[in-house]
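[1] Quick check, what structure comes out for this input:
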Amino acid sequence: MALLPAVVAVVQLGRIHPDEVYQALEPAWWRVHGYGVLAWEWRDGIRNWAVPGVLAGFLKLASWLGITDPQGYRAVTALPQLALHAWSLWAVYRFAARRAGSAGGWLAVLLVGLYGPVVVFAGRTLSESFSTSFLLVAMEALDRREREVRAGLVGGAALGLAVVTRYPSAIFVLAALLWLLAMRRWRMFLFTCLGGLVVAVGLGLLDHLTWGSPFHSFIAYVRFNVLSGDAAARFGADPPRFYLMPLLSAVPAWAWCAVPLALVAAKRKWAVSLPLACATLYLAALLKTAHKEERFLYPALVLAVLAAAPLVAAFITTQARRELRWGLSVMALGVGAASAFYFPPFDLRGDEFRAIVASTRREGATGVLIVAEGLWGAGGFFYLGKEIPWLTCDWPRDEAFQVAMRERRFNRVVTIDDRTLPELEAAGFRTVERFGRQSLLVRD
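    Okay, the predicted model is just below:
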């Protein structure tokens, strides 16, 4: 089950958001090879080097193994995330099995693991993807009633790593600690704080070594995104209704069915679960935040699904008729998987990225022009795999297009729907391969 998102990400390529490339893969490439496109966050110190550092280690491993194909070393960089996702799914099983038994636990793993947004996001190098996997581990650990010292340390460390990989996940830490206090789980609260403190010390040391002062990236992030209002000014602000349609389209019908089941369970004095409490508080914070993006919802969606899965799984697995159990299971899994068609609601650029990778696989590539794409939409040097010049443009009148036509070192072009094809052919390019709507052109 954990393999599925990794295989989808590596085979499909593309990206959900530019951050998938320029906040993870490209900095890792720069770390290993000494060149690459570093976004402004890496100049201003608004990010920490934890995730790019780990990915850089696996990129170095790929280099030692002689893997030079971009899709090949992308697969190698998927290994740590694959392991993390497998850990999170095991946590889902343990969390659900406490409430729905072993059969219900395995069904819950299917419900969460085949949930459309999880299939799309969990293999992607987005901060939301890494952080959510750590949050699933934390939710299960803090839910335990046995061996609370170990559970608290694991849960606190997982919460800390969720924040290291994505700073807005600090809201989940606050929510989890408030939940523990409300449940009067003082011992768990204490060791959760201790586990998180260890990770915090590690983050402070990492920032000191890379940015020159402890917690430099966290402070810079809070200043930019929370205190100054610069994030909304630069990237735009939206009203709370921005999240209405993504929520309605991304939450599967079986999760809504958990609401009446939860009301029935409440009569048996079942407390509000930790993941539901965390998802609710985080969603409230998102609605109040000016800058909004659909991907920000992902952690809340997965935790809400985690809260709902045991209830639905218990209901299904306790049905007397086998045909009914199988029918309801297949229906729930199908509805959950279908959510992938609506969230995220934009083009992943899979064909374009596969064409970019193919552009440098052919011998003799010395320069690449990408038509109908901007700098932050392209795959960077990570997907080119070579230290060669590359440009992006929209139309023949653009300066980048004119430069690429004049300079013979630009001998590869990736374009969509044959845009600028007459001008490219006039400059000596010919189409050699197609990837859906994308075309790869070369010239001698």
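
[2] going forward, measure contacts and count neighbours with C-alpha atoms only.
    Noted.

[3] List phi and psi for the residue most central in space within the chain.
    Closest residue to the average C-alpha location of the chain: residue 129 at 2.8 Å, with C-alpha atoms, centre = their mean. According to degrees, to the nearest 10, the main-chain angles of residue 129 amount to phi -70, psi -50.

[4] Just confirm it contacts residue 119, I think it does.
    No - using C-alpha atoms under 8 Å, residue 129 is not in contact with residue 119; the gap is 10.6 Å.

[5] Let me see the ranges of the helices in the stretch 301-444 of the chain.
    Along the stretch 301-444 of the chain, counting by DSSP state H, counting those that start in this stretch, helices occupy 322-338, 350-361, 380-384, 399-406, 421-426.

[6] Tell me the buried residues in the longest one?
    Translated: helix 322-338. The neighbour-count check on helix 322-338 (16 or more other C-alpha atoms under 10 Å) flags 325, 328, 329, 332, 333, 334, 335, 336, 337, 338 as buried.

[7] now swap in stretch 35-52 and tell me
    Buried residues in stretch 35-52, counted by 16+ other C-alpha under 10 Å: 36, 37, 38, 42, 45, 46, 47, 48, 49, 50, 51, 52.

[8] circling back: can you redo the buried residues of helix 322-338 as CSV, where the extra columns are pLDDT?
    Shown next, in CSV, are the buried residues of helix 322-338 (pLDDT from 0 to 100):
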residue, pLDDT
325, 88
328, 90
329, 90
332, 89
333, 89
334, 91
335, 87
336, 87
337, 88
338, 88
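
[9] Tell me the one of the residues you listed nearest residue 171?
    residue 336 (26.3 Å; C-alpha to C-alpha).

[10] which residues does the closest one contact?
    111, 114, 115, 116, 251, 252, 253, 254 (C-alpha atoms under 8 Å, 6 or more residues apart in numbering).

[11] Neighbour-wise, which one of these leads?
    residue 111 (30 neighbours; other C-alpha atoms under 10 Å).

[12] Just checking, which helix or strand succeeds the helix or strand harbouring it along the chain?
    Following DSSP states H and E, the helix or strand that holds residue 111 is helix 70-113. Following helix 70-113 in sequence order, the next helix or strand is helix 116-121 (DSSP H and E).

[13] Output the contacting helices and strands for that next one.
    Where contact means 3 or more C-alpha pairs under 8 Å, 6 or more residues apart in numbering; DSSP states H and E, helix 116-121 is packed against helix 3-12, helix 322-338.

[14] Pull the residues that contact that helix.
    In contact with helix 116-121 (C-alpha under 8 Å, 6+ apart) are residues 4-5, 8-9, 112-113, 129, 250, 298, 302, 336-341, 343-344.

[15] Extract the CA atoms of it and return them as PDB.
    Coordinates of each C-alpha in helix 116-121 appear next as PDB, following Å, rounded to 0.1, in the frame of the first residue of the first chain:
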ATOM      1  CA  GLY A 116      -7.400   9.800  -3.400                       C
ATOM      2  CA  PRO A 117      -5.500  12.800  -2.000                       C
ATOM      3  CA  VAL A 118      -3.200  10.400  -0.100                       C
ATOM      4  CA  VAL A 119      -2.400   8.500  -3.400                       C
ATOM      5  CA  VAL A 120      -1.700  11.900  -5.100                       C
ATOM      6  CA  PHE A 121       0.200  13.600  -2.300                       C
END
